[in-house]
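[1] After the sequence you'll find the predicted model.
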Amino acid sequence: MSAARTVVAATLVAGLAATALATPALAAPAHRQDHAATQQALDAAVAEGVPGAVAQARDGGDRWTGTAGERKGNDRYRVGSITKTFTATVLLQLQAEGRIDLDDPVEKWLPGVVRGNGHDGRKITVRQLLNHTSGIYSYTEDPAFQEKVFGPGFLEHRYDTWTPRQLVGVAMAHRPDFTPGTAWNYSNTNFVLAGMVIEKVTGRTYGKAVENRIIKPLKLRATTVPGTRSAMPEPSSPAYSKLSRDPNSPVHEVSALNPSIAGAAGEIISDSRDLQTFYRALLKGRLLTKEGLKEMTTTVTISPDYPNVSYGLGLMKEKLSCGTEVWGHGGGIHGSSSLAQVTRDGEHSLAGNFNADWTGDTQKVVEAEFCGTAAPQK
């Protein structure tokens, strides 16, 4: 969440206010050809210290690309938690095929995996994983994990491989956040488990399911599920992080890393064009049945502090300052803060990235594009 700018531990989450998205406006705003405010938001981010920023938008027949600083319009980047929408889409497809019911207990598919310190997979459904009402502790909140993976320890451990079972094991060492179904809390463990469920149902890796069911059909040529591959594909620009809460810490180049730290919760690499293609297809009903899309867009309240934001199944809904509602997700991982949003009719879309995780506010880019103005100061 916006905590991504304090310590990279929350970067897999991608800011709630900063990278959340929302549901359909009853009346879509008139199509605009002017993206001056969006470009100004990118320029402002670079002026505030972001090395590079990129955004692309489609609004009806209008297509626009804006860059600032060290970013190119066709750059590929790590999308972090935007991966969650891909993962949830696969599970909804499998449900439509009768191969799983999202109301199945996690225990049915992953016997004995969610156990320990009060966690019990027999009392948690797959649906609760996807809308973050499971109560399962997020492994990225573990202090030792944060130090090793997001803090200074990253430089020594950036190429380490983590299995999904190891990541879940980190979470199981802690108490649950709450009784399943009684509250909401963002947990990356939920989607690591969701990826494991996909593998159990299909007999293949979750990444293969994403490739075969989403990437290939939509011809997303810049989108990959890297697994344990550490290098970034070209074209791309360097990613930067301070690996510390201290704003005076030095900046490190962090582009290369083993993305198994994120897995089905945040490992995908893409670009702004592909992300728009994906979310537009999703909201237009090209990837899910009518019933599946209705389930995905059925949201739960996340917090009284964010009354304009709610969460569906791997998909966020946000009402912006001008009243426009958008759907999508944000994503953060080392040196990368991403955004992807679309109106409910799938016609006006935006995707972009900052190649830094300690500064910059992607929400200002969202407000600029969909509202034509900078986000109001809080």
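    Received the coordinates, thanks. Bear in mind that the values here come from a model prediction, so they are computed numbers and not experimental data.
[2] Could you use CA atoms for every contact and neighbour count after this?
    Fine.
[3] Gly80 contacts Ala264, correct?
    No - applying CA atoms under 8 Å, one finds Gly80 not in contact with Ala264, separated by 9.6 Å.
[4] Who has more neighbours out of these two?
    Each of Gly80 and Ala264 has its neighbours counted (other CA atoms under 10 Å); Ala264 has more, 34 against 31.
[5] Now the element after the helix or strand of the chain with the lowest mean pLDDT, going C-ward?
    The weakest-scoring helix or strand in the chain, judged by mean pLDDT, DSSP states H and E, is helix 16-19 (a mean of 31). As assigned by DSSP states H and E, the chain's next helix or strand after helix 16-19 is helix 36-47.
[6] neighbouring strands for the helix or strand following that next one, and are they parallel or not?
    Counting by DSSP H and E, the next helix or strand C-terminal to helix 36-47 is strand 52-59. Neighbouring strands of strand 52-59 in its sheet, by DSSP bridges, are strand 62-69 (antiparallel), strand 348-354 (antiparallel).
[7] Distance from the chain centre to the longest one, please.
    Just to be clear, that refers to strand 62-69. Offset of strand 62-69 from its chain centre (CA atoms, centre = their mean, to the nearest Å): 21 Å.
[8] Use 748 as the first number from now on
    In the new count, where the first residue is 748, that last one comes out as strand 809-816.
[9] between that strand and helix 783-794, how many degrees?
    Orientation check (axes from the mean of the first three to the mean of the last three CA atoms, to 10 degrees): strand 809-816 against helix 783-794 gives 20 degrees.
[10] Contacts for strand 809-816, please.
    With contacts defined as CA atoms under 8 Å, 6 or more residues apart in numbering, strand 809-816 is touched by 780, 782, 785-786, 789-790, 793, 797-805, 820.
[11] separation between Asp850 and Thr872?
    5 Å (CA to CA, to the nearest Å).
[12] Then Arg1020?
    Relative to Thr872, and taking CA to CA, Arg1020 is found at 34 Å.
[13] These two - which one has more neighbours?
    With neighbours defined as other CA under 10 Å, Arg1020 and Thr872 compare such that Arg1020 has more, 25 against 21.
[14] for that one, helix, strand, or coil?
    Following DSSP: H, G, I helix; E, B strand; the rest coil, we place Arg1020 in the helix state.
[15] if I pick it, what's in contact with it?
    Applying CA under 8 Å, 6+ apart to Arg1020 gives the contacts 803, 821, 1098.
[16] mind checking pLDDT for it?
    Note on Arg1020: pLDDT of 98.
[17] Could you do Val939 as well?
    98.
[18] cool, and the one 4 residues further on?
    Met943 is assigned a pLDDT of 98 by the prediction.
[19] Just the buried positions in the strand or helix carrying it, please.
    Using DSSP H and E, Met943 sits within helix 935-949. Neighbour-count burial for helix 935-949, with 16 or more other CA atoms under 10 Å as criterion, is recorded at 935-946.
[20] out of those residues, who's nearest Thr1090?
    Relative to Thr1090, the closest of the buried residues of helix 935-949 is Phe938; by CA to CA it sits at 24.4 Å.
[21] how close does that closest one sit to Arg846?
    According to CA to CA, Phe938 stands 19 Å off from Arg846.
[22] Over to the nearest residue to Pro980 once chain neighbours are set aside: give its phi and psi.
    Sequence neighbours aside, Arg823 is the residue nearest to Pro980 in space, at 7.2 Å (criterion: CA to CA, 6 or more residues apart in numbering). Per-residue torsions, Arg823: phi -100, psi 150 (degrees, to the nearest 10).
[23] For Arg823, list the residues it contacts.
    969, 979-984, 1016-1019.
[24] Other residues contacting stretch 908-918?
    Stretch 908-918 has contacts (CA under 8 Å, 6+ apart) with 860-861, 883-886, 889, 892, 936, 939-940, 943, 975, 1005, 1007-1008, 1010.
[25] Let's test this: mean pLDDT of it, rounded?
    98.
[26] Also stretch 1053-1062?
    Average pLDDT, stretch 1053-1062: 97.
[27] just stretch 788-802 next, same as before
    On average, stretch 788-802 scores 97.
[28] Now the terminal residues of that stretch, how far apart.
    Start and end residues of stretch 788-802 are separated by 10 Å (CA to CA).
[29] Show me the helices in this protein, by range?
    Remark: helices assigned in the chain by DSSP state H are 763-766, 783-794, 830-843, 853-856, 873-877, 890-892, 901-904, 911-919, 935-949, 953-957, 1019-1030, 1037-1043, 1109-1118.
[30] quick one: Gly816 and Thr910, what's the gap?
    The gap separating Gly816 from Thr910 is 36 Å, by CA to CA.
[31] Just want to know which of the two has more residues nearby.
    Neighbour count, other CA under 10 Å: between Gly816 and Thr910, Gly816 has more, with 18 against 15.
[32] Generate a ChimeraX selection restricted to the buried subset of the contacts of stretch 908-918.
    The buried residues among these can be selected in ChimeraX (16+ other CA under 10 Å) with this line:
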select :860,861,883,884,885,886,892,936,939,940,943,975,1005,1007,1008,1010
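[33] Let me see the mean pLDDT of stretch 844-856.
    In the prediction, stretch 844-856 has an average pLDDT of 98.
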